[in-house]
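**Student:** Starting from these lines, generate the structure:
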Amino acid sequence: MELGMSRGGSLASLPEPHLASKRSRRGAGDGSTRVIDDPWDWNAWQALLGEVTSRPFAQGVADYERFLDIYPTYAKGWKLYAEHAARTSSESGREAVQDYTKAQAHQLDDSVKPVTIYERALVYCKTNVELWKSFLSYLKKYGSREAIMKAFDQAVSNCGLEPSSHGIWNDYISFISKGHGGRGPEDQVTRDLLRKVYQRAVKSPIQNLETFWREYEEFENKGSNPDFAKGILAELAPLNKSARAEFRSRKYRRDGLVLNSVAFPPRGKPKEEEQSKLWKKYILGEASNPHELEASELSKRVIYAHELSLVCLYRYPDAWIEASMYFKEIEKLEEAEDVLHRGINAVPTSPLLHFALVNLLELQSRKEEARTCFENLIQKSPSPLVYIEYMRFCRRAEGVAAARKVFARARKDQHSCTYQVFVAAARLEYHVNKLPKIARNIYELGETRFSRASFSPAPSRERIVGMKLFPTSVGFASSYIDFLWNLGEESAIKFLIERVLAELPKSVDSRRIWDKRMEFEFTFGDAKSIEAVEKRRAAALADGKSSGDEVLGLIARTTVMDLIPVTHQEMNAIKSRSTVPQSSGRADTNERGNTGGSGKDTKSRDRDGGHSRGGSKGNDDNLAFRRSLENLVRMFPKPSHQPTPPVQFVLDRIRETPASFAETQIAKQSGEGTGTSGTGNRKRKIDATGKGDSESGSKVVPEPVHKAPPQDIFRSRHAQKLSKLK
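**Tutor:** Numbers count the residues shown, from 1 in each chain. All right, here's what the predicted structure looks like:
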């Protein structure tokens, strides 16, 4: 009997989170109807399981299987299933199947035996202590001694690091002590087995370690060699002490985690997201090696932490990938691959898991297996991204011809071949294969809506054809414009932009195309042409109504990359007064390189904003900070009649140092020996009365001092927790 973790498990294909199971059952009640409508209705499943456990076993098999198809890591469900089978028959684990056809009865022969159910369960729940206890209890009644010994060894190997596994360790020691074949506990073979198990137990961070250590001391001292006992106990004593400390600290690190929770797919619920973060924090805590374990012991702890998390995060692709990456980090590639296969079995339509597996296989030069992985994903869940990644893989593994075959195949898939596939193929030809002519042919293949007869006979324009496959795709048109920009065909760019603007339906937002039209004039036009296009853009985007706001247009005209001609404070003020919907003002440059001007960073900074005029640098980090601050301000409770304070107001308050800070104990300690207190970039002297003179000589009246509370209950509780860990 082998209970090792298999790749796919023994269950058939698992249902998608958004699809209901269509399997029917005789005598379906309200619970069964609800789970057919929504297989993720946990309350309905609980009600149905309550009914199933009270029925004859054969009548409940289908419901057990349906439930465990959806929740394969729910150990309690497997335990109910196996124990129900064991109660029915001590030999085959099945009763008469009069409600089933002969074919169904034949199908049930092997799958409903208690041993088989337990084996299937332990593929998914191998870290669950209660499930192992139930399985061992069953084997003690009906299994051979060899099977029981093997199951005990696998149990402590899979869940022996769990703090609550002390009962299994104790049962294992008791079972060995009974001896075998007439051998008693004093037999040398039995003593060697006991010593081996004791030594594993006293080094594991489990409950009742003190009891295990006393028993082990007594066991060794009963031996015939006192010197040997003294030496081995002295060697293991530090490891036992370390295990006790690890047990206490692990309880602290697990604070807040819900172990063995039901494995739902990501649903965006705050509690589930919080649990996902706590699991990641717990795994990182184990990997940090707080107890300075050896590499082999450390890897056991981290792997066990990953296995625990996968029980709860079974439907989270990122949890499987992180576990696989750890195996890869410790150079266990076979285990890394196995984890990814298990993840694909859990989330069969996840492109991310398939891409991770392809990457691992490609690193090992197993290209045919990687290709098979892509083919399986296309069969299960074809998408534009899958075709694009398949093209890229084939180009790396087999060359240009193979990538073109994938593109040709993608074009036949009407549901999955979006404009992104065409753009990716064209970019591959242009940037990687250095074949701009073929890249242009691909763009023209996707953009063939209008007839050539409507075009000007100019040669540069004859190459441009209308949009047939993607007539309303701003994204495709934008990528095509960028491609022509890279080729430097000025007349072709202008002609394409103008025709796209003329032919796009009014229901399609043309702001991105107008931005590219403005970018074109900024680069190639003059002042008059720029002003004319600005007026056209304003009229088109405002439905013929002029907003009267030309400032944003001027800013867009004079912006170069991330250099803007105003400070961030001025920009916010301008936007707050503007009636024009905000846009980037410049076309995207992700396809092409820098096409316009350059600027030098000035060292002069605006005193109040800290940004240089005439070319201030728009820092992405600063923008992210301001957005985070804005969200924080909105969270503050406020009277219903008062508006949310502006972000700039809060930011200015943060920048300023309050005068009352100068009177606090912290300020006095930090300013000791200097006699100054800082407010912004200014300093003022503090006299003995606490009053100070500013640079202008005006008096500063100190505000009341904010004193700390006499007793901080939170700090006291935290100190108590830390003292328990020592």
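**Student:** can you tell me the distance between the two ends of stretch 320-339?
**Tutor:** 7 Å (C-alpha to C-alpha, to the nearest Å).
**Student:** Only C-alpha atoms, please: export whichever helix or strand residue 444 is part of in PDB.
**Tutor:** Assessed by DSSP states H and E, residue 444 sits inside helix 436-446. Extracted in PDB, the C-alpha atoms of helix 436-446 (Å, rounded to 0.1, in the frame of the first residue of the first chain):
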ATOM      1  CA  PRO A 436       9.400  44.400 -41.100                       C
ATOM      2  CA  LYS A 437       7.700  43.400 -44.400                       C
ATOM      3  CA  ILE A 438       6.100  40.300 -42.900                       C
ATOM      4  CA  ALA A 439       5.200  42.300 -39.800                       C
ATOM      5  CA  ARG A 440       3.400  44.800 -42.000                       C
ATOM      6  CA  ASN A 441       1.600  42.000 -43.900                       C
ATOM      7  CA  ILE A 442       0.300  40.800 -40.500                       C
ATOM      8  CA  TYR A 443      -1.100  44.200 -39.600                       C
ATOM      9  CA  GLU A 444      -2.600  44.500 -43.100                       C
ATOM     10  CA  LEU A 445      -4.200  41.100 -42.700                       C
ATOM     11  CA  GLY A 446      -5.900  42.300 -39.500                       C
END
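**Student:** Which strands or helices does it pack on?
**Tutor:** helix 419-427, helix 474-487 (3 or more C-beta pairs under 8 Å, 6 or more residues apart in numbering; DSSP states H and E). Glycine gets a C-beta too; all of them are placed from N, C-alpha and C.
**Student:** now residue 419, nearest residue through space, not along the chain?
**Tutor:** In space, and not counting its chain neighbours, residue 419 is closest to residue 476: 3.7 Å by C-beta to C-beta, 6 or more residues apart in numbering.
**Student:** nope, residue 347 is what I meant
**Tutor:** Nearest-residue entry for residue 347: residue 317, 5.3 Å, with adjacent residues in sequence omitted and distances by C-beta to C-beta, 6+ apart.
**Student:** The one you found against residue 355, yeah?
**Tutor:** No - the criterion here is C-beta atoms under 8 Å, and residue 317 misses it with residue 355 at 9.9 Å.
**Student:** Pick out whichever of the two has more residues nearby.
**Tutor:** Using other C-beta atoms under 10 Å as the criterion, residue 317 and residue 355 rank with residue 317 on top: 22 against 19.
**Student:** Please identify the helix or strand for residue 379.
**Tutor:** Per DSSP H and E, residue 379 falls inside helix 367-380.
**Student:** As CSV, could you dump the C-alpha coordinates of the helix or strand following that helix?
**Tutor:** Once helix 367-380 ends, the next helix or strand along the chain (criterion: DSSP H and E) is helix 384-397. Taking Å, rounded to 0.1, in the frame of the first residue of the first chain, the C-alpha atoms of helix 384-397 are listed here in CSV:
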residue,chain,number,x,y,z
PRO,A,384,-5.5,34.8,-26.9
LEU,A,385,-2.8,34.8,-24.2
VAL,A,386,-2.3,31.0,-24.5
TYR,A,387,-1.8,31.3,-28.3
ILE,A,388,0.6,34.2,-27.8
GLU,A,389,2.7,32.3,-25.3
TYR,A,390,2.6,29.2,-27.4
MET,A,391,4.0,31.3,-30.4
ARG,A,392,6.8,32.6,-28.2
PHE,A,393,7.6,29.1,-26.9
CYS,A,394,7.7,27.6,-30.4
ARG,A,395,10.0,30.4,-31.6
ARG,A,396,12.4,29.7,-28.8
ALA,A,397,12.2,25.9,-29.0
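**Student:** Dump the helices and strands packed on helix 436-446 to CSV, plus mean pLDDT and mean neighbour count.
**Tutor:** Output for the helices and strands packed on helix 436-446, formatted as CSV (pLDDT from 0 to 100; neighbours: other C-beta atoms under 10 Å):
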stretch, mean pLDDT, mean neighbour count
helix 419-427, 93, 23
helix 474-487, 91, 22
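**Student:** Can you add distance to residue 165 and give those helices back as TSV?
**Tutor:** Compiled in TSV, the helices and strands packed on helix 436-446 are given as follows (distance: least, C-beta to C-beta, whole Å):
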stretch	distance to residue 165
helix 419-427	50
helix 474-487	55
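**Student:** List the buried residues of the helix holding residue 379.
**Tutor:** 367, 370-371, 373-374, 377-378 (16 or more other C-beta atoms under 10 Å).
**Student:** and which of these is nearest to residue 200?
**Tutor:** Nearest to residue 200 out of these is residue 373 (C-beta to C-beta; 38.5 Å).
**Student:** Tell me which residues touch the closest one, please.
**Tutor:** Residue 373 is in contact with 354, 357-358, 361, counting by C-beta atoms under 8 Å, 6 or more residues apart in numbering.
**Student:** Now the two most distant members of those.
**Tutor:** The most widely separated members of those are 354 and 361, with 10.5 Å between them, by C-beta to C-beta.
**Student:** So for those two, which sits in the more crowded spot?
**Tutor:** residue 354 (26 against 20).
**Student:** Tell me how far the residue nearest to the more buried one when sequence neighbours are not counted lies from residue 424.
**Tutor:** Distance criterion C-beta to C-beta, 6+ apart; nearest residue to residue 354, sequence neighbours excluded, is residue 377 at 4.5 Å. Taking C-beta to C-beta, to the nearest Å as the measure, residue 377 falls 17 Å from residue 424.
**Student:** tell me what the longest helix seen in the chain is packed against?
**Tutor:** Longest helix in the chain, counting residues (DSSP state H): helix 226-253. Of the remaining helices and strands, those touching helix 226-253 by 3+ C-beta pairs under 8 Å, 6+ apart are helix 188-202, helix 209-221, helix 270-287, helix 713-725.
**Student:** do that again at 6 Å, thanks
**Tutor:** helix 209-221 (3 or more C-beta pairs under 6 Å, 6 or more residues apart in numbering; DSSP states H and E).
**Student:** Can you check what angle separates the helix it packs on from helix 226-253?
**Tutor:** Angle of helix 209-221 versus helix 226-253, following axes from the mean of the first three to the mean of the last three C-alpha atoms, to 10 degrees, is 170 degrees.
**Student:** quick one: helix 209-221 to helix 188-202, angle?
**Tutor:** 150 degrees.
**Student:** Residues touching helix 209-221, excluding its own?
**Tutor:** 198, 201-202, 229, 233, 240, 243-244 (C-beta atoms under 6 Å, 6 or more residues apart in numbering).
**Student:** same thing but at 7 Å, please
**Tutor:** 194, 198, 201-202, 229, 232-233, 240, 243-244, 247 (C-beta atoms under 7 Å, 6 or more residues apart in numbering).
**Student:** Report the two of those residues separated the most.
**Tutor:** 229 and 247 (25.0 Å).
**Student:** Not including adjacent chain positions, what is the nearest residue to residue 313?
**Tutor:** Per C-beta to C-beta, 6+ apart, closest to residue 313 is residue 319, 3.9 Å.
**Student:** that's a helix at the one you found, yeah?
**Tutor:** Yes - counting by DSSP: H, G, I helix; E, B strand; the rest coil, residue 319 is part of a helix.
**Student:** just for the stretch 451-600 of the chain, where's the confidence low?
**Tutor:** 451-472, 543-549, 578-600 (pLDDT under 70).
**Student:** let's go with 80 and repeat that
**Tutor:** 451-472, 507, 542-550, 552-553, 557, 576-600 (pLDDT under 80).
**Student:** so where do the strands sit in it?
**Tutor:** Along the stretch 451-600 of the chain, the segments classed as strands by DSSP state E, counting those that start in this stretch run 563-564.
**Student:** before we move on, back to that, how about the residue nearest to residue 354, what does it touch?
**Tutor:** 351, 354, 386.
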